[in-house]
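Novice: all I have is the shape, not the residue letters:
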């Protein structure tokens with residue numbers, strides 16, 4: 001009950017912030033998500049800073065108000081000295097930039113400038129830790145000015161006052177001891193209206209259920225001191241879920257995505273989940289053309305322990321297609337580059353490019369990967385998909401495949417499967433293929449004609465257990481040798497390897513004769529009906545006249 005109450009407080013704040021945006025003409029606008037995410041992040045960082053302060057010796061046992069007063073009374077030098085003792089993963093916030101300080105000054109004329117400046121001060125003071133990279137050199141800071149998003153200048157003060165009133169009314173003190181599942185729900189609620197990205201890559205939002213299944217299969221027993229990578233990270237659900245499975249203290253997250261919006265949302269996700277140390281490895285850029293995670297030589301692709309990704313399936317990348325097909329990219333895109341169609345350029349199968357990129361980004365002999373692909377990839381008999389599967393089988397990278405139910409993603413009806421790769425191979429060179437396409441419960445999404453399929457906990461458990469224990473279950477999973485896969489044109493579809501079952505029933509002589517008599521009677525009935533139909537057709541033809 002306490003946990004649900006804490007969530008409800010946060011949900012209410014998010015709803016209040018959305019209501020403010022609506023009241024000031026920003027509801028459902030392109031800037032609404034920026035206001036919601038940045039003001040929420042300001043609140044989170046502010047309260048986490050105060051929670052960190054309370055853990056320092058001079059502040060132990062003091063109330064929030066007492067701590068804030070003590071901070072305000074400090075000289076600038078004393079404040080800087082105190083910051084040396086604070087957890088480096090906690091953002092530094094000067095007393096004059098705190099929510100309580102702004103709340104006390106909200107009646108001042110030109111308050112919107114005070115509000116904006118506080119955000120800019122926090123962004124500047126924490127840029128070394130909390131900014132993310134855009135391209136090779138630029139850094140994207142934590143906050144920008146927000147009041148200017150209200151076009152009516154005379155309402156900007158009131159807009160900022162409304163926000164600070166809501167931020168000051170609630171406390172996040174009780175949430176900082178919570179773990180990933182708590183923040184996953186908060187994060188999904190926060191961005192639920194904004195997870196359809198206009199950028200090239202972050203096309204899909206990965207359901208938490210799929211992310212959990214992938215994490216528990218790819219790292220069932222956790223790991224120590226490993227790297228996690230997603231080249232099309234979107235909002236970061238896959239890498240965050242895997243980090244939680246492994247242990248945040250045991251891994252470093254690396255991501256890249258072309259979308260600025262996705263990177264901003266991913267940064268928020270990392271901060272919520274105490275993975276601030278990974279922020280310097282969040283890159284906004286085109287992964288295919290300019291991969292930014294490079295080896296020590298500054299040229300070769302970095303190799304990772306774990307790679308998880310749900311890349312977009314189809315996107316128009318015609319502008320860079322010829323460049324990617326050039327000599328300098330052939331080693332990475334070993335199976336080729338899709339041609340530009342004469343019509344529907346947006347149908348270019350970009351996932352094939354990411355799949356190749358992921359394969360060459362796996363650590364040799366130990367790297368593991370899980371990639372969401374359209375189920376059609378598993379059986380395509382020609383072209384790039386076939387060449388990629390051939391490569392996977394030849395290099396003995398395949399660990400298994402899970403084909404998911406239709407409509408498992410809210411915003412696409414494309415059937416999807418998850419391909420699991422392991423550079424260490426398998427001892428017996430057999431892989432497990434799972435057909436979970438008949439699982440789940442279909443639920444109609446409110447206000448739409450769309451359906452979404454939800455997996456129960458028991459179904460998720462069955463998928464994970466079946467994969468990790470390599471169980472064969474009739475019409476659900478099958479162990480197949482790489483040799484058999486080669487003989488079936490490298491098909492990764494479980495259904496093509498299921499055994500055809502023929503049921504044998506013992507019959508007595510009398511039962512056999514009775515069944516044969518029944519079949520004979522049925523056939524006579526069908527023949528009689530056929531003769532009648534023939535006569536009717538001939539009669540109809542005879543009545544036809546030329547006019």
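Specialist: Thanks, I have the structure now. The shown structure was predicted, so the numbers you read here are calculated from the model rather than taken from an experiment.
Novice: now for residue 516, how many residues are close by?
Specialist: 10 (other C-beta atoms under 10 Å). Placement of C-beta: from N, CA and C, glycine included.
Novice: same question for residue 180.
Specialist: 18.
Novice: and residue 139, by the same measure?
Specialist: Residue neighbour count, defined by other C-beta under 10 Å, stands at 14 for residue 139.
Novice: is it true that it lies in a helix?
Specialist: No: Residue 139 is assigned strand when assessed by DSSP: H, G, I helix; E, B strand; the rest coil, not a helix.
Novice: now do the contacts for it.
Specialist: 127, 131, 132, 133 (C-beta atoms under 8 Å, 6 or more residues apart in numbering).
Novice: who touches the nearest residue to the first one once chain neighbours are set aside in this structure?
Specialist: Meaning residue 127. Spatially, and ignoring its direct neighbours in sequence, residue 127 is nearest to residue 141 (5.6 Å; C-beta to C-beta, 6 or more residues apart in numbering). By C-beta under 8 Å, 6+ apart, residue 141 lies in contact with 123, 124, 127, 130, 131.
Novice: related to what we said a few turns ago, any of the contacts of residue 139 buried? List them.
Specialist: Buried by 16 or more other C-beta atoms under 10 Å: 131, 132, 133, out of the contacts of residue 139.
Novice: from memory the last one sits against residue 140, does it?
Specialist: Yes: under the criterion of C-beta atoms under 8 Å, residue 133 makes contact with residue 140 at 7.5 Å.
Novice: got any residues that touch both of those two?
Specialist: residue 284.
Novice: which outside residues touch the host helix or strand of residue 102?
Specialist: Here residue 102, judged by DSSP states H and E, is contained in helix 99-104. Helix 99-104 is contacted by residues 42-43, 46, 65, 68, 72, 95, 114-115, 118, 164-165, 167-168 when judged by C-beta under 8 Å, 6+ apart.
Novice: kindly recompute the last result at 7 Å.
Specialist: With C-beta atoms under 7 Å, 6 or more residues apart in numbering as the test, helix 99-104 has contacts from 43, 46, 68, 95, 114, 115, 118, 164, 167, 168.
Novice: pull the contacting residues for the fifth one.
Specialist: When contacts are counted by C-beta under 7 Å, 6+ apart, residue 114 touches 102, 105, 108.
Novice: that's a helix at it, yeah?
Specialist: Yes: assigned with three-state DSSP, residue 114 falls within a helix.
Novice: now it: how far from residue 359?
Specialist: Using C-beta to C-beta, to the nearest Å, residue 114 is found at 52 Å from residue 359.
Novice: cool, the fourth one as well?
Specialist: Taking C-beta to C-beta as the measure, residue 95 and residue 359 are separated by 52 Å.
Novice: what's the closest non-adjacent residue to residue 282?
Specialist: Per C-beta to C-beta, 6+ apart, closest to residue 282 is residue 132, 4.1 Å.
Novice: quick one: residue 498 and residue 477 touch, right?
Specialist: No: applying C-beta atoms under 7 Å, one finds residue 498 not in contact with residue 477, separated by 9.2 Å.
Novice: when those two are compared, which one has more neighbours?
Specialist: Neighbour count, other C-beta under 10 Å: between residue 498 and residue 477, residue 477 has more, with 23 against 16.
Novice: need phi/psi at the more buried one.
Specialist: phi -150, psi 150 (degrees, to the nearest 10).
Novice: likewise for residue 62?
Specialist: Taking degrees, to the nearest 10, you get phi -90, psi 150 for the backbone angles of residue 62.
Novice: one more: residue 170?
Specialist: Backbone torsions for residue 170, taken as degrees, to the nearest 10, come to phi -120, psi 160.
Novice: now residue 190: closest residue in space, sequence neighbours ignored.
Specialist: Nearest to residue 190 is residue 14, by C-beta to C-beta, 6+ apart, at 5.7 Å.
Novice: quick check: which element contains that neighbour?
Specialist: Since the elements are taken from DSSP H and E, residue 14 ends up inside helix 2-23.
Novice: what's the next secondary structure element after that helix?
Specialist: Assigned by DSSP H and E, the successor of helix 2-23 is helix 32-54.
Novice: next, the angle helix 2-23 makes with that following helix.
Specialist: Interaxial angle of helix 32-54 relative to helix 2-23 (axes from the mean of the first three to the mean of the last three C-alpha atoms, to 10 degrees): 140 degrees.
Novice: show residues contacting stretch 14-29.
Specialist: 32, 35-36, 39-40, 149-150, 155, 159, 162-163, 166, 189-190.
Novice: can you tell me the distance between the two ends of stretch 57-70?
Specialist: Chord length of stretch 57-70, first to last residue, is 13 Å (C-alpha to C-alpha, to the nearest Å).
Novice: buried stuff in that stretch?
Specialist: By neighbour count with 16+ other C-beta under 10 Å, stretch 57-70 contains the buried residues 59, 67, 68.
Novice: gap between it and the chain center?
Specialist: 39 Å (C-alpha atoms, centre = their mean, to the nearest Å).
Novice: ok, now stretch 473-489?
Specialist: On C-alpha atoms, centre = their mean, the centre of stretch 473-489 falls 29 Å from that of its chain.
Novice: and if you look at stretch 169-189?
Specialist: 19 Å.
Novice: got it, and stretch 440-460?
Specialist: In terms of C-alpha atoms, centre = their mean, the centre of stretch 440-460 is found 18 Å from the chain centre.
Novice: how far does it stretch from start to finish?
Specialist: 9 Å.
Novice: got a list of contacts for that stretch?
Specialist: Outside stretch 440-460, the residues that touch it by C-beta under 7 Å, 6+ apart are 209, 212, 213, 405, 406, 407, 408, 410, 439.
Novice: can you name the two of those residues that are farthest apart?
Specialist: With C-beta to C-beta as the measure, no two of these lie farther apart than 212 and 406, at 19.5 Å.
Novice: the two: who's more crowded?
Specialist: Remark: of residue 212 and residue 406, residue 212 carries more neighbours, 21 against 18, as counted by other C-beta under 10 Å.
Novice: okay, that one: pLDDT?
Specialist: Looking at residue 212, its pLDDT reads 93.
Novice: before we move on, back to that, show me which of the contacts of stretch 14-29 are buried.
Specialist: Buried, going by 16+ other C-beta under 10 Å: 32, 35-36, 39-40, 149-150, 155, 159, 162-163, 166, 190, out of the contacts of stretch 14-29.
Novice: switch the residues you listed over to TSV; also include distance to residue 239 and pLDDT.
Specialist: Output for these, formatted as TSV (distance: C-beta to C-beta, whole Å; pLDDT from 0 to 100):
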residue	distance to residue 239	pLDDT
32	26	89
35	26	91
36	22	90
39	25	93
40	21	92
149	30	94
150	35	94
155	40	96
159	35	97
162	35	97
163	31	97
166	31	96
190	18	78
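Novice: residue 338: how many residues sit nearby?
Specialist: Neighbour tally, residue 338, other C-beta under 10 Å: 20.
Novice: correction: residue 152
Specialist: Residues contacting residue 152 under the criterion other C-beta under 10 Å number 10.
Novice: before we move on, what about residue 129?
Specialist: As a burial measure, residue 129 scores 16 neighbours (other C-beta under 10 Å).
Novice: can you check residue 517 too?
Specialist: 10.
Novice: what about it, distance to residue 509?
Specialist: Using C-beta to C-beta, one obtains 13 Å as the distance from residue 517 to residue 509.
Novice: for residue 462, same thing?
Specialist: Using C-beta to C-beta, one obtains 44 Å as the distance from residue 462 to residue 509.
Novice: with residue 254 instead?
Specialist: Distance, residue 254 to residue 509, using C-beta to C-beta: 73 Å.
Novice: tell me the buried residues in stretch 35-55?
Specialist: Buried-residue list, stretch 35-55, by 16+ other C-beta under 10 Å: 35-54.
Novice: any stretches of the stretch 51-200 of the chain with poor pLDDT?
Specialist: Filtered on pLDDT under 70, the stretch 51-200 of the chain yields the residue ranges 135-137, 194-200.
Novice: ok, now with 90
Specialist: Within the stretch 51-200 of the chain, the segments meeting pLDDT under 90 span 89, 127-142, 170-200.
Novice: kind regards, and thank you for your time.
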